[in-house]
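Participant: quick one: sequence and predicted model below, then my questions.
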Amino acid sequence: MSNRKILVLLSLKILFFFNLLEANENKIIAIVNNEPITSYELKNKIFTQIYLANETINQEIIDKTKNSALSYLINLKIKKKEVEKKKIKADKPNIDSALKKISSNNVLLFKKQFQENSLDYDLFLKEIEIELSWQKLIYNLYKDKVKINDNEVKNELNLIRRNGSETEYKLSEIEIEITEENKNDRINEVVKVIKNSGFENAARKLSISSSALNGGDLGWISSSTLSKSVLDLLLKININEITTPIVKFDSVLFLKINDKKKTNINATDLDALKKKIINQKTNDLFKLYSNNHLSKIKNNAFIKIK
């Protein structure tokens, strides 16, 4: 069957299930700080997640996607209010760059596929703008608090120098929010979506991390920048395998090794490696600040689900 026919069939399925979900009605289904989340927004997010995850559309998949879609929209509304309050807006070149990466450098085709599948491209574009604005806000708020321990960097460099080589991992991630009550169900949900649709599609559908837009792609990461606990897990698996769930306070992380390489290090490489270690540690700290800042605001937010 041609790709064109597949897209047409998928579009018809989406239209059919929109009708099942009373697509003609646009009810308010949740309130976040006096800003509504409508049934249209939720339906569009559900089907966008399913489409990006390349999953077969049926009522069971729709029902299972609903919670993660609603959770995402609640977080998005909180981020939106915060960036608007601080008058922070993402730069257009950054938005364009993100779109190119998501669409594999074919934005026009990506937009066309959204339209052919009856998905709201403008809402998706707005999501990207809010996420990038949020990243800009976090940078402005915490840039002076991000301090890298020089001794840690020196120790890692000395270890690499003694070994004469450095292992790098090409990683992807999925991070999900959990509570103590739903932890096992959420982990099982991720495992099932990965099995049915692949890690990259599962990341687009379920992950709360900003990397979700890129299928969870984290790029190449030096082993020296990873915590011992994470590195120990990676050492137990091979390329194209996934770590056991890494449980944090209110989230769970899955990591996949897409590739790995060992690079011989000489004196001229150490300056570049030092910069890479500092950049990775800096990104990790900003991510931590982002999660903590969102949790703090969310705890004080008015959220009512109807």
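Facilitator: Yep, that arrived.
Participant: what about the stretch 151-300 of the chain, any weak spots by pLDDT?
Facilitator: Within the stretch 151-300 of the chain, the ranges that satisfy pLDDT under 70 run 267-268.
Participant: distance check, Ser210 against Asn75.
Facilitator: The gap separating Ser210 from Asn75 is 11 Å, by Cβ to Cβ, to the nearest Å. From N, CA and C alone the C-beta is placed, and that goes for glycine too.
Participant: do Glu177 as well
Facilitator: Taken as Cβ to Cβ, the span from Glu177 to Asn75 is 8 Å.
Participant: any common contacting residues for these two?
Facilitator: Common contacts of Glu177 and Asn75 (Cβ atoms under 8 Å, 6 or more residues apart in numbering): Ile208.
Participant: domain parsing for the chain?
Facilitator: Annotated domains of the chain cover 3-142, 150-299 [automatic domain parsing].
Participant: all strands of the stretch 201-306 of the chain, in order?
Facilitator: All strands of the stretch 201-306 of the chain, identified by DSSP state E, counting those that start in this stretch, fall at 217-222, 246-247, 251-264, 303-305.
Participant: how far away from the center of its chain is the last one?
Facilitator: Between the centre of strand 303-305 and the centre of its host chain there is 23 Å, according to Cα atoms, centre = their mean, to the nearest Å.
Participant: report all helices and strands that that strand contacts.
Facilitator: Strand 303-305 is packed against strand 28-32, with contacts defined by 3 or more Cβ pairs under 8 Å, 6 or more residues apart in numbering; DSSP states H and E.
Participant: for the helix or strand following the strand it packs on, the averaged confidence score.
Facilitator: Under the assignment DSSP states H and E, the closest C-terminal helix or strand after strand 28-32 is strand 35-38. Strand 35-38 comes out with an average pLDDT of 94.
Participant: the helix or strand following strand 35-38 to strand 28-32, inter-axis angle?
Facilitator: Note on strand 35-38: by DSSP H and E, the next helix or strand toward the C-terminus is helix 39-52. Helix 39-52 runs at 90 degrees relative to strand 28-32, counting by axes from the mean of the first three to the mean of the last three Cα atoms, to 10 degrees.
Participant: show me what helix 39-52 is packed up against.
Facilitator: Packing partners of helix 39-52 (3+ Cβ pairs under 8 Å, 6+ apart): helix 3-20, strand 28-32, helix 59-85, helix 121-142, helix 199-206.
Participant: now the ones you listed as a markdown table including distance to Asn238?
Facilitator: Putting the helices and strands packed on helix 39-52 into a markdown table (distance: least, Cβ to Cβ, whole Å) gives the following:
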| stretch | distance to Asn238 |
| --- | --- |
| helix 3-20 | 32 |
| strand 28-32 | 42 |
| helix 59-85 | 29 |
| helix 121-142 | 32 |
| helix 199-206 | 14 |
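Participant: if you average pLDDT over each of these, which is lowest?
Facilitator: Across the helices and strands packed on helix 39-52, helix 3-20 gives the lowest mean pLDDT, at a mean of 46.
Participant: picking that back up, of the strands of the stretch 201-306 of the chain, which is nearest Lys274?
Facilitator: Among the strands of the stretch 201-306 of the chain, strand 217-222 comes nearest to Lys274, with 10.4 Å by Cβ to Cβ.
Participant: re earlier: so which of the strands of the stretch 201-306 of the chain is nearest Gln59?
Facilitator: Gln59 lies closest to strand 303-305 among the strands of the stretch 201-306 of the chain, at 20.8 Å (Cβ to Cβ).
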